[in-house]
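*Asks:* show me the folded form of this:
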Amino acid sequence: MLTAGQIQEFDRDGYLNIGEALNEEELAELTRELDRVLDKGPHGFAESEPQPVLFRDLAGGGGDYQTKKPVWQIVNLWEASKSFERLMYHPVLVRAIHQLTGFGDLQVWHDQVQYKPPLQGGATGWHQDAPLWPSIEPMTPVSAWLPFDDAEESNGCMWMVPGSHKWGCQIEYLMTQGHLQKLPEFTRLEGFTPPAEAELRDLVPVARPVKRGEVHFHHSLTWHGSPQNFSERPRRAIAIHYMTSEARYTGRAHPMQQFIEVQTGEPMLKAGPHFPVVCRGGEPICPPTAIR
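*Replies:* Predicted coordinates for the structure are as follows:
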């Protein structure tokens with residue numbers, strides 16, 4: 001359970017590392033599964049085989065698995081791996097999301113792996129999550145981020161701007177900062193003045209290193225990104241994006257839209273099996289014993 005101090009810290013900063021969430025046995029199983037999928041590559045799944053929704057290079061490598069400076073994105077890894085399906089229901093994650101959002105009913109919007117390979121891992125530019133998910137409103141409030149390698153400055157850990165989740169939607173400004181790619185330049189955000197009424201008004205990016213096995217939560221409007229990985233170590237991590245019982249389908253486009261089984265304006269709680277409910281009345285639900 002989170003303390004009152006931790007919840008206050010998250011409300012102030014827009015992010016929170018609560019420390020170790022997975023034990024070594026869990027980490028070993030999940031890492032093996034992630035490497036199995038990475039070894040297959042984006043074109044290695046048979047048509048009849050359970051597979052992710054997306055497997056692509058966010059850096060625009062055109063499907064070349066050896067492309068220069070790739071950032072490999074895998075969306076809904078849980079659909080290709082029972083181990084990752086169980087992870088979405090992990091009671092440490094679900095209880096923390098419940099406390100940070102205040103909602104008793106929670107479900108998964110989608111998960112997302114970002115893999116920055118050693119020596120050539122690309123940057124993930126500055127952004128906010130919620131504006132990139134227009135299919136649902138209100139916005140998905142909090143995500144859980146777990147690395148499978150120690151994520152440090154040297155191999156492309158996330159950077160965040162404290163208090164930026166209270167500055168509103170600023171995705172248009174952040175899209176102008178895509179030239180910031182390498183670590184020495186990554187924090188040079190220029191040309192923006194935070195709202196005068198904001199609790200925190202200093203535009204000062206902060207490195208957020210996270211150890212393997214720890215979990216880091218961030219608000220969906222918190223400014224964040226990660227520079228290139230030119231180290232000799234990989235940076236493998238997964239974000240699980242949770243929605244609350246308020247979420248409704250807007251009809252607007254997103255890669256997950258094809259799986260939504262409700263009409264525009266209807267609640268996502270009824271959207272179908274691709275959006276599993278993981279918490280009811282503030283209590284985590286046990287994962288399915290038989291999946292697919």
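*Asks:* might one say that Phe192 is in contact with Gly168?
*Replies:* No. Counting by Cβ atoms under 8 Å, Phe192 stays clear of Gly168, with 11.6 Å between them. (C-beta placed from N, C-alpha, C; glycine too.)
*Asks:* now do the SS call for the residue nearest to the spatial centre of the chain.
*Replies:* With the centre of the chain defined as its mean C-alpha position, the nearest residue by Cα atoms, centre = their mean is Ala239, 2.9 Å away. When classified by DSSP: H, G, I helix; E, B strand; the rest coil, Ala239 comes out as strand.
*Asks:* check contacts around it.
*Replies:* Applying Cβ atoms under 8 Å, 6 or more residues apart in numbering to Ala239 gives the contacts Asp111, Gln112, Val113, Gln114, Ser143, Ala144, Trp145, Leu146.
*Asks:* what pairs with the first one across the strands?
*Replies:* Read it as Asp111. When bridges are called by DSSP bridges, Asp111 pairs up with Ile240.
*Asks:* quick one: residues contacting it.
*Replies:* Counted by Cβ under 8 Å, 6+ apart, Asp111 has contacts Val75, Asn76, Leu77, Trp78, Phe84, Met88, Ile238, Ala239, Ile240, His241.
*Asks:* what are the ranges of the strands in the stretch 101-250 of the chain?
*Replies:* 106-116, 124-127, 136-137, 142-147, 158-160, 206-208, 214-219, 224-226, 235-244, 248-249 (DSSP state E, counting those that start in this stretch).
*Asks:* deepest in the core, which of the ones you listed is it.
*Replies:* Across those, averaging neighbours per residue (mean count of other Cβ atoms under 10 Å) puts strand 224-226 on top, at a mean of 26.
*Asks:* closest to Glu26 out of the contacts of Asp111?
*Replies:* Nearest to Glu26 among the contacts of Asp111 is Phe84, at 11.0 Å by Cβ to Cβ.
*Asks:* so what's the gap between the strand or helix carrying the closest one and the chain middle?
*Replies:* Per DSSP states H and E, Phe84 falls inside helix 82-88. Its chain's C-alpha centre and that of helix 82-88 lie 15 Å apart, by Cα atoms, centre = their mean, to the nearest Å.
*Asks:* and it, what does it pack onto?
*Replies:* helix 24-40, strand 106-116, strand 235-244 (3 or more Cβ pairs under 8 Å, 6 or more residues apart in numbering; DSSP states H and E).
*Asks:* tell me which residue of this structure is furthest from the middle?
*Replies:* Quick read of the chain (Cα atoms, centre = their mean): farthest out is Ala196, 29.2 Å.
*Asks:* so what touches the helix holding Phe84?
*Replies:* 26, 29-30, 33-34, 77-79, 93, 108, 111, 146, 238, 240, 276, 278, 287-288, 291.
*Asks:* quick one: buried ones out of the residues you listed?
*Replies:* 29-30, 33-34, 77-79, 93, 108, 111, 146, 238, 240, 276, 278, 287 (16 or more other Cβ atoms under 10 Å).
*Asks:* of all the helices and strands packed on helix 82-88, which lies closest to Trp223?
*Replies:* strand 235-244 (15.2 Å).
*Asks:* quick check: mean pLDDT of that closest one?
*Replies:* Averaging pLDDT along strand 235-244 gives 97.
*Asks:* tell me what angle that strand forms with strand 106-116.
*Replies:* 160 degrees (axes from the mean of the first three to the mean of the last three Cα atoms, to 10 degrees).
*Asks:* tilt between strand 235-244 and helix 24-40?
*Replies:* Relative orientation of strand 235-244 versus helix 24-40 (the same axes, to 10 degrees): 100 degrees.
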